[in-house]
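Undergrad: Here's my sequence, what's the structure:
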Amino acid sequence: KAEHIDIATAGDVEPRIGASWADVTLVHNCLPEIDLDDVDLSVEFLGRRLPAPLLISSMTGGHELARSINSVLAQVADRFGLAIGVGSQRAYVKDQRLAQTYAVVRDAAPRAYVIANVGAPQLIRQGHDAALTIDQVRSVVDLIRADALAVHLNYLQEMIQPEGDTRARGVIEAIGQLVSGVGVPVIAKETGAGMAAPQARQLAAAGVQALDVGGLGGTSFAVVEAQRARLHDRQAKADLGELFAGWGIPTMVSIPLACQAGLPVIGSGGIRSGLDAARALALGASLVGVARPLLVVAQQGVDTACAWVERFLDELRTALFLTGARSPADLHGKAVLTGRTRELVEGLQST
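TA: Next comes the predicted model:
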């Protein structure tokens with residue numbers, strides 16, 4: 001966990017890809033016929049009204065550095081009334097002495113929409129490791145008094161990790177069983193390789209209530225794990241991670257594809273500004289998730305992180321005003337796709 005933070009904040013971990021946010025053009029309205037004060041950033045998400053469509057994406061937990069980072073991020077979430085996720089809680093299941101590295105989020109953010117987190121690979125048996133039980137998953141939800149549970153789909157990362165879990169047969173059935181027994185809404189969350197329409201529909205059929213596309217374009221966990229492998233003299237794994245650094249479906253392509261499942265969609269993966277967020281919302285996202293930029297500023301303190309969020313929301317508010325949109329929902333359909341992004345969306349829509 002500590003290595004992930006060090007690499008993600010200090011290294012070059014974003015892939016070079018052909019599709020980009022520059023391919024998503026918002027249509028300017030020279031006669032918006034609204035005042036800036038008319039713009040309302042609040043959104044409805046899984047039965048909760050949130051002041052802004054920003055999710056502080058799941059990042060960390062399980063060690064002391066994570067505790068301090070989660071404390072800062074939680075204070076930011078509480079101040080703005082945002083949604084916030086914690087990192088994988090697998091470490092807590094194995095060692096309950098790590099509880100406070102996660103529980104600090106709810107302690108510091110009593111008003112926030114908090115999302116617990118377990119990995120899809122751990123819902124089925126992996127070699128000698130038994131599948132997580134419903135009771136174990138409920139325990140991670142209860143630990144942080146979570147409003148929802150993210151089940152992360154991270155098979156690209158698992159392939160590069162020396163200790164990766166690579167069994168996948170039966171995962172969709174396990175997710176369906178989890179949905180019916182965990183007691184809170186379940187969000188299926190990719191972690192950097194994106195999501196296509198057929199899998200989005202499978203997840204919807206299994207009963208998940210929202211999708212987080214986690215698209216290609218942000219932090220590449222293939223790159224992160226490649227750098228970890230190099231630190232531990234695992235050159236073959238490092239080479240594999242570098243080869244697959246650009247693997248996946250870009251975020252701006254994943255969003256319209258995932259929307260075909262008819263569920264609320266979180267657009268995450270490479271969103272670095274309020275303008276990027278507006279583009280994601282125009283493509284159909286209900287919320288946008290941001291991770292690495294907030295991870296970096298969180299290590300500089302609460303005030304620095306809050307200033308970053310203020311700027312981000314001001315950028316988003318400006319984009320809404322300049323398109324004549326009173327709310328994030330009004331952005332839907334106000335984007336024009338061009339270039340590689342348009343080609344990928346059109347090519348994948350029929351699959």
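
Undergrad: C-alpha only now, for contacts and for neighbours.
TA: OK.

Undergrad: can you tell me which residues contact Glu190?
TA: The neighbourhood of Glu190, defined by C-alpha atoms under 8 Å, 6 or more residues apart in numbering, consists of His152, Leu153, Asn154, Asp212, Val213, Gly214, Gly215.

Undergrad: Let me have those in a markdown table, adding secondary structure and distance to Arg279 as columns.
TA: Shown next, in a markdown table, are these (DSSP: H, G, I helix; E, B strand; the rest coil; distance: C-alpha to C-alpha, whole Å):
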| residue | secondary structure | distance to Arg279 |
| --- | --- | --- |
| His152 | strand | 24 |
| Leu153 | strand | 24 |
| Asn154 | coil | 25 |
| Asp212 | strand | 16 |
| Val213 | coil | 15 |
| Gly214 | coil | 15 |
| Gly215 | coil | 14 |
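
Undergrad: Of those residues - the most surrounded one?
TA: For those, the largest number of neighbours (other C-alpha atoms under 10 Å) sits with Val213, at 36 neighbours.

Undergrad: List the residues that contact that residue.
TA: Under the criterion of C-alpha under 8 Å, 6+ apart, the contact partners of Val213 comprise 189-191, 194-195, 251, 254-255, 258, 265-269.

Undergrad: swap in Leu50?
TA: Under the criterion of C-alpha under 8 Å, 6+ apart, the neighbours of Leu50 are Ser42, Val43, Glu44, Gly81, Leu82, Ala83.

Undergrad: Quick one, which of those are buried?
TA: Neighbour counting over the contacts of Leu50 (16 or more other C-alpha atoms under 10 Å) leaves Val43, Gly81, Leu82, Ala83 as the buried ones.

Undergrad: can I get the contacts of Glu190 in TSV with pLDDT and distance to Ile144?
TA: As requested, the contacts of Glu190 are exported to TSV (pLDDT from 0 to 100; distance: C-alpha to C-alpha, whole Å):
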residue	pLDDT	distance to Ile144
His152	96	17
Leu153	97	21
Asn154	94	22
Asp212	98	20
Val213	98	24
Gly214	96	23
Gly215	95	26
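
Undergrad: which of the residues you listed lies closest to Val24?
TA: Gly215 (15.0 Å; C-alpha to C-alpha).

Undergrad: pLDDT at Glu242, what is it?
TA: Model confidence at Glu242, expressed as pLDDT, equals 88.

Undergrad: ugh, wrong one, Gly11
TA: Gly11 is assigned a predicted lDDT (pLDDT) of 63.
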